[in-house]
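[1] Only the shape, not the letters, is given here:
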């Protein structure tokens, strides 16, 4: 089960490097602590404990008149304060390992239970140890600065600086590796919508440069292949329409005694062939040369419904008011016309409804029929060229299986979406969603 936040190559590389670096830093800190800091700290605490016990013993053995002079010598030589325990001090709450080591060494050397005490002298913290020497309590003290080490701060500094450096390096390396792949994915997606992006820069490591070079070569080959296909289809269309025109002329010149039904059937076949040729050309051309223009959706819908009505269809539409947006008008008209044609052809002779609504995100057009509907498992398959549902799209209906394929291709080329949904009460809802790239005030 993958973590959603780690689905990208960049995040996975960064996460892997970060985890490895943190584990390595923790291991390094453990090694330094166990093999370096702790032994040094224990040795230093043992030396200080021995000095404190020896100082307390010497101070207690001296006459009272010499104790003050001796205390001065000790302070001058060792920065230790020695004297009688004149007041009660609170126990130390420090978590420094050195304090624990010193208490253990003092207990070992003196045979007493020793707990360091603490006080504040000016802005500096002091630690004190009370030692029983021949019935007298001798207090020895040293400042926090004598220890001179700050393990928590040092550890935090090492881990934080090291973490920032490693994380920054990881981000740089992961970005250098993942960005060319992201550009490659974006270019592939761009080609998938029928557009041609600029060639990818063939820079960076040898493998990525070779990948970009191969992709650029592939894109050029695909472009040439599509251009050749379009030229071939255009030539076939031209070559086919010429003999079709001759056949139509020959049919018009047939004697009057020829059966009208036979002539009409042949004319219908010729019209169907012309329509198929037109659809082939339509699906091969695309809209690469089309330009964006301001379109009043209400006027465009009215024109499309009027055209459908002139062909004998019963189409109603809901006027949702003027909505001017910038888009490819030819693409919109082709898509809606194809969806209307499908809805009329397979709508069981029931009225077809067309509606449009918009909000802050975009425009939604819906074409609704009362036909037999489309099974859920076939709602994507019907967008494939020449796919037909035998139950409702029989040979008698005249469907070629290209209308929805053309509509989907034009929609994807313009970054629109088409969905076929079940209609409550029976039938199908064809829904076209157009995000607002630019919209003018009504």
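    Happy to help now that I have it. Keep in mind it's a predicted model, so treat the numbers as computed, not measured.

[2] Doesn't residue 305 belong to a helix?
    Yes: with DSSP: H, G, I helix; E, B strand; the rest coil as the criterion, residue 305 is located in a helix.

[3] show me the contacts for it.
    315, 316, 317, 340, 354 (Cβ atoms under 8 Å, 6 or more residues apart in numbering). For the C-beta atoms, the positions are set from N, CA and C on the backbone; glycine is no exception.

[4] Among the residues you listed, name the ones in strands.
    315, 316, 317, 354 (DSSP state E).

[5] Please list only the buried members of these.
    315, 317, 354 (16 or more other Cβ atoms under 10 Å).

[6] mind putting the residues you listed in a markdown table, pLDDT included?
    Formatted as a markdown table, these follow (pLDDT from 0 to 100):
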| residue | pLDDT |
| --- | --- |
| 315 | 88 |
| 317 | 86 |
| 354 | 91 |
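
[7] what's the helix or strand for residue 128?
    Per DSSP states H and E: residue 128 is located in strand 124-133.

[8] Determine the set of other helices and strands touching that strand.
    helix 38-61, helix 97-110, strand 117-121, strand 136-143, helix 144-147 (3 or more Cβ pairs under 8 Å, 6 or more residues apart in numbering; DSSP states H and E).

[9] which residues touch the second one?
    Yep, that's helix 97-110 we're talking about. 38, 41-42, 44-46, 48-50, 52-53, 92, 112-116, 127, 129, 131-132, 147, 149, 151.

[10] Could you give the separation of that helix from the chain centroid?
    56 Å (Cα atoms, centre = their mean, to the nearest Å).

[11] ditto for the last one
    Offset of helix 144-147 from its chain centre (Cα atoms, centre = their mean): 52 Å.

[12] where does the helix or strand just after it sit relative to the chain's centre, distance-wise?
    For helix 144-147, the following helix or strand on the C-terminal side (DSSP H and E) is helix 151-192. Centre-to-centre, helix 151-192 and its host chain are 15 Å apart (Cα atoms, centre = their mean).

[13] Quick one: mean pLDDT over helix 151-192.
    On average, the pLDDT along helix 151-192 is 74.

[14] other SSEs contacting it?
    Judged by 3+ Cβ pairs under 8 Å, 6+ apart, helix 151-192 is in contact with helix 9-32, helix 206-252.

[15] Swap in 10 Å and give it another go.
    Judged by 3 or more Cβ pairs under 10 Å, 6 or more residues apart in numbering; DSSP states H and E, helix 151-192 is in contact with helix 9-32, helix 97-110, helix 206-252.

[16] now that helix against helix 97-110, angle please.
    150 degrees (axes from the mean of the first three to the mean of the last three Cα atoms, to 10 degrees).

[17] So that it lines up with my notes, have the first residue be 25 from now on.
    Okay, residue one is now 25; in that scheme the one you just asked about reads as helix 175-216.

[18] that older thread, with mean neighbour count and distance to residue 197 added, can I get the helices and strands packed on helix 175-216 in JSON lines?
    Output for these, formatted as JSON lines (neighbours: other Cβ atoms under 10 Å; distance: least, Cβ to Cβ, whole Å):
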{"stretch": "helix 33-56", "mean neighbour count": "14", "distance to residue 197": "7"}
{"stretch": "helix 121-134", "mean neighbour count": "18", "distance to residue 197": "37"}
{"stretch": "helix 230-276", "mean neighbour count": "13", "distance to residue 197": "13"}
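
[19] A strand includes residue 445, no?
    Yes: with three-state DSSP as the criterion, residue 445 is part of a strand.

[20] Report the separation between the spatially closest residue to it that is not a sequence neighbour and residue 359.
    The shortest distance from residue 445 to any non-neighbouring residue, by Cβ to Cβ, 6 or more residues apart in numbering, is to residue 453 (4.4 Å). Per Cβ to Cβ, to the nearest Å, residue 453 is found 15 Å from residue 359.

[21] who has more neighbours, the two?
    More crowded of residue 453 and residue 359, by other Cβ atoms under 10 Å: residue 359, with 28 against 18.

[22] Report pLDDT for the more buried one.
    88.

[23] Next, find the distance separating it from residue 330.
    Relative to residue 330, and taking Cβ to Cβ, residue 359 is found at 17 Å.

[24] for residue 102, same thing?
    In terms of Cβ to Cβ, residue 102 sits 107 Å off from residue 330.

[25] what does residue 408 give?
    Residue 408 is 31 Å from residue 330, by Cβ to Cβ.

[26] cool, and residue 442?
    23 Å.

[27] just residue 390 next, same as before
    From residue 390 over to residue 330 (counting by Cβ to Cβ), the distance is 19 Å.

[28] Neighbour count: these two, which is higher?
    Neighbours per residue (other Cβ under 10 Å) separate residue 390 from residue 330, with residue 390 holding more: 19 against 11.

[29] and that one, what element?
    Going by DSSP H and E, residue 390 is in strand 386-392.

[30] For stretch 269-286, measure first residue to last.
    18 Å (Cα to Cα, to the nearest Å).

[31] who's in contact with that stretch?
    Applying Cβ atoms under 10 Å, 6 or more residues apart in numbering, the external contacts of stretch 269-286 come out as 265, 287, 288, 289, 290, 291, 293, 294, 295, 297, 298.

[32] Filter these down to just the ones in helices.
    Applying DSSP state H to the contacts of stretch 269-286, the entries found in helices are 265, 287, 288, 289, 290, 291, 293, 294, 295, 297, 298.

[33] For PyMOL, what selects the buried ones among these?
    Filtering these down to the buried ones (16+ other Cβ under 10 Å) takes a single PyMOL command:
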select buried, resi 290+298
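
[34] would you turn the ones in helices among the contacts of stretch 269-286 into CSV with pLDDT and distance to residue 434?
    As requested, the ones in helices among the contacts of stretch 269-286 are exported to CSV (pLDDT from 0 to 100; distance: Cβ to Cβ, whole Å):
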residue, pLDDT, distance to residue 434
265, 70, 23
287, 74, 36
288, 77, 33
289, 76, 33
290, 79, 32
291, 78, 30
293, 75, 28
294, 77, 27
295, 77, 24
297, 76, 23
298, 75, 21
